[in-house]
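here's a sequence, model it:
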Amino acid sequence: MTQSLTITSRETPSEQTCVCHFDELSERAKDCLLRTIENEITAGVDPEIATELVQYDLIKFIEYYDVQLTDHRASSSVSA
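Predicted coordinates:
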């Protein structure tokens with residue numbers, strides 16, 4: 001089963017925020033993140049990649065990004 005992701009740009013995080021830098025991600029996760037930034041939502045994401053991206057509070061690339069799983073069965077987003 002594939003996952004859908006949404007991404008939101010965020011302000012500078014607090015010191016307690018778990019931040020992953022882009023270069024720390026796997027190549028597949030980097031590609032997925034770039035596609036998600038371009039499209040704001042990406043459907044059909046491999047669950048392994050989705051899990052890698054949502055395990056952090058924010059991902060630092062050009063800006064800080066909050067990546068969340070999107071549950072189309074519910075009206076709100078779910079963060080893993």
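
list the contacts for residue 21?
Residues in contact with residue 21 (Cβ atoms under 8 Å, 6 or more residues apart in numbering) are 59, 60. In short, each C-beta sits where N, CA and C put it, glycine included.

show me what it bridges to in the sheet.
As for beta bridges, residue 21 partners with residue 60 under DSSP bridges.

how much space separates it from residue 52?
Taking Cβ to Cβ, to the nearest Å as the measure, residue 21 falls 13 Å from residue 52.

same deal with residue 14?
In this view, residue 14 and residue 52 are 23 Å apart by Cβ to Cβ.

who's more crowded, the two?
Shown here are residue 14 and residue 52; by other Cβ atoms under 10 Å, residue 52 has more neighbours (19 against 7).

wait, the more buried one sits on residue 25?
Yes. Counting by Cβ atoms under 8 Å, residue 25 is a contact partner of residue 52 at 6.7 Å.

and the average pLDDT for stretch 8-25 is what?
Mean pLDDT, stretch 8-25: 92.

show me what counts as buried in it.
Across stretch 8-25, burial judged by 16 or more other Cβ atoms under 10 Å covers 20, 25.

okay, that stretch in CSV with CA atoms only?
Extracted C-alpha coordinates of stretch 8-25, given in CSV (Å, rounded to 0.1, in the frame of the first residue of the first chain):
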residue,chain,number,x,y,z
THR,A,8,4.6,22.6,4.7
SER,A,9,7.3,25.3,5.0
ARG,A,10,8.0,26.2,8.6
GLU,A,11,9.8,28.9,10.6
THR,A,12,13.1,28.3,12.3
PRO,A,13,12.7,25.5,14.8
SER,A,14,13.2,25.5,18.5
GLU,A,15,16.2,23.8,20.0
GLN,A,16,14.1,20.8,21.0
THR,A,17,13.0,20.2,17.4
CYS,A,18,14.3,17.0,15.8
VAL,A,19,15.8,18.3,12.4
CYS,A,20,17.2,16.2,9.6
HIS,A,21,19.3,17.8,7.0
PHE,A,22,18.7,17.0,3.4
ASP,A,23,22.1,15.3,2.8
GLU,A,24,21.3,12.9,5.7
LEU,A,25,18.4,11.3,3.7
